[in-house]
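Asker: Here is my input; please provide its structure:
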Amino acid sequence: LLSILVVNATQYRHAPGLYNGFAVGAYVAMASLQKIPTVFKFFTVSIVAAGWGLTLTPFFVGFAGKSGFTSMLGHVTHIA
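Answerer: Take a look at the predicted model:
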């Protein structure tokens, strides 16, 4: 929340990209502790989800739900 407030207050021009990253991180963090029991696993799932987000961005322009979908792909890819 603090990071979003700082970005809004400074009117950073790349704010939409940061907000997408915040959303993906929040969706990844919503997983249960049985799925991501350690900080290292959270880090790896987040990196994989970010990779999926960067890969799929050109194909998902204008569609809602990309953040949740890429977070789910991060979890599924990490498990596989």
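Asker: Show me what whichever strand or helix holds Val28 is in contact with.
Answerer: Val28 belongs to helix 15-29 when assigned by DSSP states H and E. When contacts are taken as C-beta atoms under 8 Å, 6 or more residues apart in numbering, the neighbours of helix 15-29 outside the stretch itself are 3-4, 7-8, 12, 36, 42, 45-46, 49-50, 53, 66-68, 70-72, 74-75. Heads up, the C-betas are built off the backbone N, CA and C, glycines and all.
Asker: please redo it, this time with the cut-off set to 6 Å
Answerer: 7, 45-46, 49, 53, 67-68, 70-71 (C-beta atoms under 6 Å, 6 or more residues apart in numbering).
Asker: can you check stretch 45-57 too?
Answerer: Residues outside stretch 45-57 that contact it (C-beta under 6 Å, 6+ apart): 24-25, 28, 36, 70-71, 73-75, 77-78.
Asker: which element follows the helix holding Val28 toward the C-terminus?
Answerer: Downstream of helix 15-29, the next assigned helix or strand under DSSP H and E is helix 39-56.
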